[in-house]
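Colleague: Output the structure for:
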Amino acid sequence: MSLRIRYEITDLTGDDHRASVLDCWQNDGVFSADSFESPLLDDHDYTLRAAIELYGGGLSPWSSAERISRIEQAIIEAWLQGGATTAIGWRLADPSIEPPIDLQLRVNDGDWIDIPNPGGSYYLLDPRRFHALTDHAWLGQTVTLTARARLIEAHEWIETNEITSQGSTGIARPVFGWSLTGAGVALQYTLPPNTTARVWLSIDGGPAFEFDPNYPANKTLVYYPDWRVRLPAPFRDGQNHDLQFRVRETANGQTAELWSHTDAIPIHPLPTLTAPSVHAVEWITSQGNLQIRVTFKPIPSNQRLIVTLQLDSGAVATQTLTPGQTLAFFPVSDDERGYRSIRITAQARDVTGAESAVNVHGVLLHRGYPQPAPIPAFNAQLLRQGDDITPDRVRFTWTPVPGQLAELFATYTPGGDYRKTALYSLGYVDSTEHECTLDNTRANFPKTGQRLRITYGIRPYHLIAGYGIPSIADPIQIRAENPVLATPPPDANSAQHWANADVLAALNPILIAAFPTVTPTLHRVLAELTLATLVQTIKGIVAQGGRVALQDYGRFAAQWKTARVGQTLTYTERGVSFKPAPGFSAGVKAGAVMTDAEAEATP
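Modeller: Numbers count the residues shown, from 1 in each chain. This next block holds a predicted model:
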């Protein structure tokens, strides 16, 4: 059975496009044609699509375009490329088809080794594979790699260029490498799956010591800005030293050691940072939890603080703050009150491992007692008003607070001026009492004989915390006691009040008797000069820290007063004192002039 099939051919590499109709014959349900009327050209790529001419007229849907190649497949080029990874690549004459490719690798001009090829146009080499072929020599040794590829056994091998582990276009890191980058050291290394690794370091060919005991997984590069602090201090001398890193990989109980190349770099000493300074230490409460907050003065953003705090003789708590942070919070679990001894240490450290000296700061921090709870209810009732003979009587009732003392009190505000309000204590009660009756409360108030507006109250009391919020009752009118007439002193009508002029007047007759030929004006000048000289002499001697003692009169002297906060002396202030002589004091008491000898002779 024949069938007419219409086709279209598109030339992908030239202009040999064509379209026509073929008479096809059925063979097992497949219609086929021996050849096109005009053969396809060699070294050309074509696509073909077809449709069936239907018996009733018209066409079936067009098929998808299929590729027809007249190109002979071959490997045109192969190369070996180094860098962060090492790869074998090749280019095919017909890149649209990926036939099986045979690959081989040679290390240090040794034997060719077959490499399995999963397909594609390149193959990534496992650096540990060719590293193992060199008997695990350290990576400072030159490793030369060559690869080759072929299409099938009937074709010739195409060999790649040669690359080395230290060449400018060679392998950057067959297993791992390192470099000095900025202020730190960068390790380039990929940890294999199900493998643990520890990094060691040898300096100047000496014994290796552990540099990083636990290299992180899923890392191809780890930067160590603090590499110098990981080295023994004697090597940080500013001189060049040979460094060689070593990786010890452990997988399935087997450990393999890989060595890096050796390079000489300068190892400078670590700088000494400025010691942190404490700005404030204070109690705070956060979400109901008591804490001690330590505030430090600002530090550079690349430095972090390591802070310890010891409360009294308790355990030492340590915190490492984030870079630039200057606030440390330490929770407090006990409920002790009063003065607490706090010891704080702080040290600054930057990303390179440089440290400051440890600053030790001690402080006494007072934690006050909680304010006593207020009395829930209080009432005062006047049972009896006082008169000229009988005192008042007042009854008090209240609701006590368990375990808490309280003080009964009264207040009086004269003339409604609250700046002059006076408070009078009436006594203390404990938590077992809830009522009492007091007589003669007016004895505490001003004795005016008038009715006073008195407010009675009660306030909670703690021996250390002091008084809490008071509770008061409505004011009550209390009749005050009558005023007591004061008896005047026996010499109230004979006392004299002298000033400078009176003293000068007393001196004047003495000077006239002593100097009768001197004029009255000169007598007055002599009196003023005598008094002024005496006063200025006394003042001058005392002002200079001395003293002046006058027989039968008294002693003028300088004195010093000091003020303290705790055990700290805050300031010293100089003042003046006068101590009367024994005769002066005894004479004032007796209302007569007496000498010291007379005072001592008086029984």
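
Colleague: Go ahead and confirm residue 247 touches residue 197.
Modeller: Yes: the criterion here is CB atoms under 8 Å, and residue 247 meets it with residue 197 at 5.4 Å. In this view, the C-beta of every residue, glycine as well, is placed from N, C-alpha and C.

Colleague: hey, what's in contact with both of the two?
Modeller: Common neighbours of residue 247 and residue 197, counting by CB atoms under 8 Å, 6 or more residues apart in numbering, are 189, 215.

Colleague: Would you mind giving the domain segments of the protein?
Modeller: The record's domain parsing of the chain by automatic domain parsing lists 2-69, 75-164, 176-266, 278-367, 378-479, 500-590.

Colleague: tell me how far the ends of stretch 93-105 are from each other?
Modeller: End-to-end distance of stretch 93-105 (CA to CA, to the nearest Å): 23 Å.

Colleague: try stretch 324-334
Modeller: The first residue of stretch 324-334 is 31 Å away from its last residue (CA to CA).

Colleague: Buried ones in it, by neighbour count?
Modeller: Buried positions in stretch 324-334, judged by neighbour count with 16 or more other CB atoms under 10 Å: 326, 328, 330, 332.

Colleague: before we move on, back to that, next, format the domains of the chain as a markdown table and append mean pLDDT and distance to residue 599.
Modeller: Shown next, in a markdown table, are those (pLDDT from 0 to 100; distance: least, CB to CB, whole Å):
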| stretch | mean pLDDT | distance to residue 599 |
| --- | --- | --- |
| domain 2-69 | 76 | 140 |
| domain 75-164 | 74 | 108 |
| domain 176-266 | 86 | 82 |
| domain 278-367 | 92 | 50 |
| domain 378-479 | 93 | 39 |
| domain 500-590 | 85 | 4 |
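
Colleague: With distance to residue 601 added, can I get those domains in JSON lines?
Modeller: Listed next are these as JSON lines, based on distance: least, CB to CB, whole Å:
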{"stretch": "domain 2-69", "distance to residue 601": "146"}
{"stretch": "domain 75-164", "distance to residue 601": "113"}
{"stretch": "domain 176-266", "distance to residue 601": "87"}
{"stretch": "domain 278-367", "distance to residue 601": "55"}
{"stretch": "domain 378-479", "distance to residue 601": "44"}
{"stretch": "domain 500-590", "distance to residue 601": "10"}
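
Colleague: From the buried residues of stretch 324-334, pick the one nearest residue 275.
Modeller: Closest to residue 275 out of the buried residues of stretch 324-334 is residue 326 (13.7 Å), distances taken as CB to CB.

Colleague: Could you verify my assumption that the closest one touches residue 293?
Modeller: No: the criterion here is CB under 8 Å, and residue 326 misses it with residue 293 at 10.8 Å.

Colleague: Quick check: nearest residue in space to residue 544, chain neighbours excluded?
Modeller: Using CB to CB, 6 or more residues apart in numbering and skipping the chain neighbours, the partner closest in space to residue 544 is residue 558 (7.8 Å).

Colleague: check contacts around that neighbour.
Modeller: Residues near residue 558 by CB under 8 Å, 6+ apart: 542-547, 574-577.

Colleague: what do you get for residue 109?
Modeller: Going by CB under 8 Å, 6+ apart, residue 109 touches 144, 146.

Colleague: Pretty sure it sits in a strand.
Modeller: No: under DSSP: H, G, I helix; E, B strand; the rest coil, residue 109 sits outside any strand and is assigned coil.

Colleague: Show me what stretch 273-287 is in contact with.
Modeller: For stretch 273-287, the surrounding residues in contact (CB under 8 Å, 6+ apart) are 290-297, 299, 303, 305, 326, 329, 332, 342, 344, 346-350, 354-359, 361, 363, 365, 367.

Colleague: Weed out the non-buried ones from these.
Modeller: Buried subset of the contacts of stretch 273-287 (neighbour count, 16+ other CB under 10 Å): 291-292, 294, 296, 299, 303, 305, 326, 332, 342, 344, 346-350, 354-356, 359, 361.

Colleague: tell me which of the buried residues of stretch 324-334 is nearest to residue 534?
Modeller: residue 326 (64.5 Å).

Colleague: For residue 324, give me its contacts.
Modeller: By CB under 8 Å, 6+ apart, the residues touching residue 324 are 299-304.

Colleague: Return the member of these nearest to residue 387.
Modeller: Among these, residue 299 lies closest to residue 387 (CB to CB), at 77.0 Å.

Colleague: how far away is the closest one from residue 270?
Modeller: Residue 299 is 17 Å from residue 270, where distance means CB to CB, to the nearest Å.

Colleague: Just the ones in strands from the buried ones among the contacts of stretch 273-287, please.
Modeller: Those of these mapping onto strands are 291-292, 294, 296, 303, 305, 342, 344, 346-350, 359, 361, per DSSP state E.

Colleague: Which member of these is positioned nearest residue 320?
Modeller: The closest of these to residue 320 turns out to be residue 305 (CB to CB; 7.6 Å).

Colleague: Could you check how far that closest one is from residue 524?
Modeller: Note on residue 305: its distance to residue 524, by CB to CB, is 79 Å.

Colleague: Quick one, which of the domains of the chain gets closest to residue 596.
Modeller: Each of these has some distance to residue 596 by CB to CB; the shortest is domain 500-590, at 4.1 Å.

Colleague: Tell me the secondary structure at the closest residue to residue 440 other than its chain neighbours.
Modeller: Spatial nearest neighbour of residue 440, excluding adjacent residues (CB to CB, 6+ apart): residue 391 at 3.4 Å. Per three-state DSSP, the secondary structure class of residue 391 is coil.

Colleague: got the contact list for residue 391?
Modeller: 439-440, 442-443.

Colleague: So among those, which ones count as buried?
Modeller: Buried members of these, scored by 16+ other CB under 10 Å, are residue 442.

Colleague: okay if I get the contacts of residue 391 as TSV plus secondary structure and distance to residue 283?
Modeller: Output for those, formatted as TSV (DSSP: H, G, I helix; E, B strand; the rest coil; distance: CB to CB, whole Å):
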residue	secondary structure	distance to residue 283
439	strand	46
440	coil	46
442	helix	45
443	helix	44
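
Colleague: Closest one to residue 425 out of the contacts of residue 391, please.
Modeller: Nearest member of those to residue 425, counting by CB to CB, is residue 443, at 12.4 Å.

Colleague: measure that closest one to residue 414 for me?
Modeller: As for residue 443, its distance to residue 414 is 17 Å (criterion: CB to CB).

Colleague: Where do the strands of the stretch 301-450 of the chain begin and end?
Modeller: With strands called from DSSP state E, counting those that start in this stretch, the stretch 301-450 of the chain shows them at 303-311, 316-320, 327-331, 338-350, 359-367, 378-384, 393-398, 405-412, 422-429, 435-439.

Colleague: Fine, thanks again, bye for now.
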